[in-house]
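>>> What shape does this take:
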Amino acid sequence: MTNNKVYLVGAGPGDLAYLTVKAYRLLASAQVLVYDALVDAQLLDCVPHDCLKLDVGKRGGKPSTPQTEINNLLVKHCQEGKQVIRLKSGDPFIFGRCISEIEALKSAGCEFEVIPGISSALAAPLLAGIPLTDNVLSRCFAVLTAHEPDVLDWEALSRLETLVILMGGKNLAEIVYQLLRHNLSHSTPIAIIRWAGTPSQEICIGELGNILEQTAGLSLSPAVIVIGEVVRLRQYL
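Residues are numbered from 1 along each chain as shown. Down below sits the predicted model:
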């Protein structure tokens, strides 16, 4: 762990307990922390008291730091000889917007390293008692973001046995519409896992035909959505 380097670190699903040992050690020696909107504020207590903390979290519907500005911050502090931690929720390479940051660091000649984290796409179903694979019900699964549902191939997705959807809470109605439109049954099981891995975790189980009614008026962010027959296994596990 040397100065003059940027570590792009996965924070896991949120709770401090799911942080990797390597990530914890890096935080303990950080000089600059550039962090996203994290679920567990305890993560911010892992850095030294004199560490510069910069909140650049992207929050839906609210003003957020432009990506170009984030890139510039990483380069600036690295070139000043600091050990910089870019802390991201989940895993940096799963919808973590890492590419532009890495390109900026490479262009500036800054040394960097990517540290994996546990993605909520994997952790949330597990913590809800839902296995993503089963030798009968689910021989494969897909992880997708429904942030822009119009660009997704719903015909292809509807043929898969299990779907794990991130950033889909605001577009739940469109997700349900598209899957029913492409011949999924109204009785297809669906689980919505909110605040996975935290004391606030909530799990809503339903079917495509009734989930909109069940979740009416609820805030579904942050949430991981699981769709497929494996959701029914929760009652046994």
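>>> contacts and neighbour counts: CA atoms only from here.
OK.
>>> now the helices for this protein?
Listed in chain order, the helices of the chain (DSSP state H) span residues 21-28, 67-79, 99-107, 120-127, 154-157, 172-181, 211-214.
>>> What mean pLDDT does the first one get?
In other words, helix 21-28. For helix 21-28, mean pLDDT is 97.
>>> again with the fourth one
Helix 120-127 carries an average pLDDT of 97.
>>> likewise the fifth one?
Averaging pLDDT along helix 154-157 yields 98.
>>> Report the residue ranges of every domain in this protein.
Structural domains annotated on the chain: 5-115, 120-236, as defined by the TED database.
>>> Could I get the ones you listed in CSV, plus columns for mean neighbour count?
Formatted as CSV, the domains of the chain follow (neighbours: other C-alpha atoms under 10 Å):
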stretch, mean neighbour count
domain 5-115, 18
domain 120-236, 17
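>>> Could you report the pLDDT at Lys62?
Per-residue confidence (pLDDT) for Lys62: 64.
>>> ignore the last one, Pro13
pLDDT for Pro13: 90.
>>> Strands of the chain, residue ranges please.
If you assign secondary structure with DSSP state E, the strands in the chain sit at 5-10, 32-35, 52-55, 83-88, 111-115, 142-145, 162-166, 189-194, 202-207, 223-228.
>>> which residues touch the second one?
In other words, strand 32-35. Contacts of strand 32-35 from elsewhere in the structure, counted by C-alpha atoms under 8 Å, 6 or more residues apart in numbering, are 47, 51-57, 74, 77, 82-88.
>>> Swap in 7 Å and give it another go.
51-57, 82-88 (C-alpha atoms under 7 Å, 6 or more residues apart in numbering).
>>> between those, which is nearest Arg232?
Within these, the smallest distance to Arg232 is 31.7 Å, found for Lys88 (C-alpha to C-alpha).
>>> Tell me how far the closest one lies from Ser119.
Relative to Ser119, Lys88 is positioned 10 Å away (C-alpha to C-alpha, to the nearest Å).
>>> rank the domains of the chain by pLDDT, which is bottom?
domain 5-115 (a mean of 92).
>>> if we can go back for a sec, now distance to Gly209 too, for the contacts of strand 32-35, in a markdown table please.
A markdown table is the format used below for the contacts of strand 32-35 (distance: C-alpha to C-alpha, whole Å):
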| residue | distance to Gly209 |
| --- | --- |
| Cys51 | 50 |
| Leu52 | 49 |
| Lys53 | 45 |
| Leu54 | 43 |
| Asp55 | 40 |
| Val56 | 38 |
| Gly57 | 35 |
| Lys82 | 53 |
| Gln83 | 51 |
| Val84 | 47 |
| Ile85 | 44 |
| Arg86 | 41 |
| Leu87 | 38 |
| Lys88 | 35 |
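>>> before we move on, the earlier item: the strands of the chain: which one's closest to Ser64?
Closest approach to Ser64 among those is made by strand 52-55 (9.6 Å; C-alpha to C-alpha).
>>> Just give me how far that closest one sits from the chain centre.
On the basis of C-alpha atoms, centre = their mean, to the nearest Å, strand 52-55 sits 20 Å off its chain's mean C-alpha point.
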